[in-house]
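Chemist: The sequence and its predicted three-dimensional model are supplied below.
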2 protein chains.
Amino acid sequence: MNISDISEFAFIERLSSSFAELLPRGFTGIGDDCALFPKSAQESYAVSTDLLIENHHFYRNKIPPYSLGIKSLAVNLSDIAAMGAEPMASFLSVGLPKDISMDWLDSFTAGYKALSLKENVPLCGGDTTASPHICVSVTVIGFARNEAIRRRSMARAGDIICCTSNLGDSGGGFLVLQSDIETGADEDFLLKRHYEPYPEIAAGKWLASRRGAGAMMDISDGLVSDLEHILAASGAAAFLNLEAIPLSAQLKRCAERHGWDSLDLALNGGEDYCLLLTVAKDEFAGTSEKFFEAFGRPLFPIGGIEPMMSGGGKIRFLQNGKETAFTGKPFRHFR
Amino acid sequence: MNISDISEFAFIERLSSSFAELLPRGFTGIGDDCALFPKSAQESYAVSTDLLIENHHFYRNKIPPYSLGIKSLAVNLSDIAAMGAEPMASFLSVGLPKDISMDWLDSFTAGYKALSLKENVPLCGGDTTASPHICVSVTVIGFARNEAIRRRSMARAGDIICCTSNLGDSGGGFLVLQSDIETGADEDFLLKRHYEPYPEIAAGKWLASRRGAGAMMDISDGLVSDLEHILAASGAAAFLNLEAIPLSAQLKRCAERHGWDSLDLALNGGEDYCLLLTVAKDEFAGTSEKFFEAFGRPLFPIGGIEPMMSGGGKIRFLQNGKETAFTGKPFRHFR
């Protein structure tokens, strides 16, 4: 059996169970957006680490190096945001082919630095080496008050499922960069959403400390896949209202123009890096209103958490209240 | 200009100065074995991160996966040891080609776990992804009492320079694996020293808190290159007594058998991952004696720190007290 025969999740599960015995009390290991370990009686550190590989996560001749610098940090800040934590320091390791130009490197660094400055996260260390392909490994350490930490296991039956932005734009951007279609303003918008995800640090911290806040994670693999992680961790099921899934006007126009399935992109495209969270039903209206006041944009209610069903799928898809068959594609990193 | 035209150190210097303005008070950023940030008024966290790339740091058809698992963690634990810190948690990210077998992966994991268990360091998180070549990125977080932290800048004129083990074995092992020579017990010994470095965590912690302890770092690039880092950070010069450089019997025999320069391997081979430190002259005898009592092996005095010279090289090489010309080769990661 080769690594391509198992999913990333199966591999992580294998690692996680193998090392579980070593975890001290107060530590949370593999299995959430971040690992957690105690800072004080009231606070914990949250650690996220992500590896971006050329020709797998990005193409050198497509992504501007400035955008790659932003994205390398953003995907980790997004994990920190998903725990309700605040980033404190980043560590950057890069493997670079010999023919990378100093201009490329300076643009990459400028992008990484622009987001570091914007979110006030110092780069504190790292490693550099030669490599046949570009690979970028970033680790971010953050911290959070223990009572505000949002775990995947915190969804409860009755909770409203919501997300903090339109879904599928990044997946659309990925289709644009893989094709030879002529790009206009709409396609460029989607590309930018794919290349320069916006980590929801302020929103994550704000939402995490609201009364009624339940589970939270960031959407990296895709709504369906990521919601399934919340359901597995919380021992729950869910329904999604397909007509409520927020889609940008740009994605809708591109889908029509290029024959894409915008709903599939929203459910399975991945790399949206917005927040997926659950909020207790009777707190949702207040939270949603206050969120709009604080951030000037809506919190989108897209479904609900239900008690675990015996047998059958864990997510029911509803179209205007009527159950419909929609099969989420599994996400497999090693294919 | 391409990345291959500058050294790793020039690149790190470029990054470091670019981000210096973002560092909060109490943080130490790029430029030592570990980054440091405050844990409490008395303690700091130390963070190390290293990237190992197939065909650059190792060859898949040469290094046993069990050894690669050990080495991936060991090189980071060695950085933690070099600060006088104690490791607390590790994070492992791996990029794997599709044709990696589950047996390979299980052996790799077993090696990583064996060292994790030995040094009691839990694996707390990471990332996995497909990649055209194997790449392994490990981050280790440790902590130390502030007064025991050993920085590269802490060498003082008059200090004795010492190391904690024989030098050059790993460099010899690298020559073995690159050649087609028939291997016997000596060659296998060197290979094992190259593949499975021993992180000096207990010795590092012990030495760091000794009275008279000065600068400390681990020997990864090679004695000359690494000592130069201490000298640059401390604003000092040094001499090395070439006849005092400790060489294993195995390295000496192999050097004779295969026509190697064992001294060059000891000075420039790198990847020894033992500790290089300075000790105040009047404390050295006591420290050395107590070190032998505690660890059953000697602390090797190999030279001394001198005041900065005006102009000229920073390291003088002495052979039985007489100055000799020995040119250290610079280490360049991007060649």
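Modeler: Okay, I see it. Residues are numbered from 1 along each chain as shown, chains lettered A, B, ... in the order given.
Chemist: Listing request: residues of the stretch 51-200 of chain A with sub-threshold pLDDT.
Modeler: Applying pLDDT under 70 to the stretch 51-200 of chain A flags no residue at all.
Chemist: Tell me if I am right that A:G158 is in a helix.
Modeler: No. Applying DSSP: H, G, I helix; E, B strand; the rest coil, one finds A:G158 to be coil, outside a helix.
Chemist: Tell me who's in contact with it.
Modeler: A:A280, A:K281, A:G304, A:I305 (CB atoms under 8 Å, 6 or more residues apart in numbering or on different chains). C-beta: built from backbone N, CA, C; applies to glycine.
Chemist: Try it again at 6 Å.
Modeler: Counting by CB atoms under 6 Å, 6 or more residues apart in numbering or on different chains, A:G158 touches A:K281.
Chemist: Also A:C274?
Modeler: With contacts defined as CB under 6 Å, 6+ apart, A:C274 is in contact with A:C163, A:T164, A:S165, A:E200, A:I219.
Chemist: Quick check: phi and psi at it.
Modeler: phi -100, psi -180 (degrees, to the nearest 10).
Chemist: How about A:A255?
Modeler: Main-chain dihedrals, A:A255, degrees, to the nearest 10: phi -60, psi -40.
Chemist: That one is in contact with A:S262, isn't it?
Modeler: Yes. With contact defined as CB atoms under 6 Å, A:A255 reaches A:S262; the gap is 3.8 Å.
Chemist: Show me the contacts of A:C274 that map onto helices.
Modeler: Among those, the subset assigned to helices under DSSP state H is empty.
Chemist: ok, these vs A:Y59, which is closest?
Modeler: A:I219 (22.3 Å; CB to CB).
Chemist: before we move on, what SS does the closest residue to the closest one other than its chain neighbours have?
Modeler: Spatial nearest neighbour of A:I219, excluding adjacent residues (CB to CB, 6 or more residues apart in numbering or on different chains): A:D272 at 4.3 Å. At A:D272, secondary structure determined by three-state DSSP is coil.
Chemist: residues touching A:D272, list them.
Modeler: A:L167, A:S170, A:I219.
Chemist: Next to chain B in this structure, residues from the stretch 101-250 of chain A, please.
Modeler: With CB under 6 Å from any CB of the partner chain as the criterion, the stretch 101-250 of chain A comes near chain B at residues A:101-102, A:122-133, A:135, A:137, A:139.
Chemist: ok, now with 7 Å
Modeler: Residues of the stretch 101-250 of chain A that fall close to chain B, judged by CB under 7 Å from any CB of the partner chain: A:101-102, A:105, A:109, A:113, A:116-117, A:122-133, A:135, A:137, A:139.
Chemist: Would you list the buried entries among those residues?
Modeler: A:105, A:109, A:113, A:116, A:122-133, A:135, A:137, A:139 (16 or more other CB atoms under 10 Å in any protein chain shown).
Chemist: Average pLDDT for stretch A:316-330, rounded please.
Modeler: Averaging pLDDT along stretch A:316-330 yields 79.
Chemist: Check which residues of it are buried.
Modeler: For stretch A:316-330, the neighbour count (16+ other CB under 10 Å) marks A:R316, A:F317, A:L318, A:F326, A:G328 as buried.
Chemist: Max pairwise distance over the residues you listed: which two?
Modeler: A:L318 and A:G328 (14.3 Å).
Chemist: In the stretch 51-200 of chain A, mark out all the strands, start to finish.
Modeler: Ranges of strands in the stretch 51-200 of chain A, per DSSP state E, counting those that start in this stretch, are A:86-96, A:123-130, A:135-145, A:160-163.
Chemist: Tabulate the ones you listed (CSV), appending distance to B:S153.
Modeler: Shown next, in CSV, are these (distance: least, CB to CB, whole Å):
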stretch, distance to B:S153
strand A:86-96, 21
strand A:123-130, 16
strand A:135-145, 24
strand A:160-163, 49
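Chemist: before we move on, back to that, kindly indicate which of the contacts of A:C274 lies nearest B:D159.
Modeler: A:E200 (50.6 Å).
Chemist: I figured that closest one hits A:W206, correct?
Modeler: No. Judged on CB atoms under 7 Å, A:E200 makes no contact with A:W206 at a distance of 9.3 Å.
Chemist: Settle it for me: which of the two has more neighbours?
Modeler: Comparing A:E200 with A:W206 by other CB atoms under 10 Å in any protein chain shown, the one with more neighbours is A:E200, at 23 against 18.
Chemist: Spit out the contact partners of that one.
Modeler: By CB atoms under 7 Å, 6 or more residues apart in numbering or on different chains, the contact list for A:E200 reads A:S78, A:A81, A:T164, A:C274, A:L275.
Chemist: which SSE is A:F292 in?
Modeler: Per DSSP states H and E, A:F292 falls inside helix A:281-295.
Chemist: Show me what secondary structure element comes after that helix.
Modeler: Next along from helix A:281-295, by DSSP H and E: strand A:300-307.
Chemist: which residues touch that next one?
Modeler: By CB under 7 Å, 6+ apart, strand A:300-307 touches A:155-163, A:236-241, A:244-246, A:278, A:284.
Chemist: If any of those are buried, give me the PyMOL selection for them.
Modeler: In PyMOL, this line selects whichever of the contacts of strand A:300-307 come out buried by 16+ other CB under 10 Å:
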select buried, chain A and resi 155+156+159+160+161+162+163+236+237+238+239+240+241+245+246+278+284
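Chemist: Starting from B:T128, give me the distance back to the residue nearest to A:I219.
Modeler: 21 Å (CB to CB, to the nearest Å).
Chemist: just A:G125 next, same as before
Modeler: Separation of A:G125 from B:T128 (CB to CB) stands at 23 Å.
Chemist: One more: A:I305?
Modeler: Per CB to CB, A:I305 is found 28 Å from B:T128.
Chemist: how about the helices of chain A, start to end?
Modeler: Using DSSP H, helices in chain A cover A:8-19, A:65-82, A:102-119, A:169-178, A:185-195, A:201-208, A:223-234, A:249-258, A:262-268, A:281-295.
Chemist: Looking at those helices, spot the one closest to B:S40.
Modeler: Proximity to B:S40 (CB to CB) singles out helix A:65-82 among those, at 22.0 Å.
Chemist: what's the spacing between A:D127 and B:T49?
Modeler: 6 Å.
Chemist: which neighbours do these two share?
Modeler: In terms of CB under 7 Å, 6+ apart, A:D127 and B:T49 are both contacted by the residues A:S93.
Chemist: Domain-wise, how is chain A divided?
Modeler: Domain assignment of chain A by automatic domain parsing yields the ranges A:32-147, A:150-324.
Chemist: winner for burial among these?
Modeler: Comparing the domains of chain A by mean neighbour count (mean count of other CB atoms under 10 Å in any protein chain shown), domain A:32-147 ranks first with a mean of 22.
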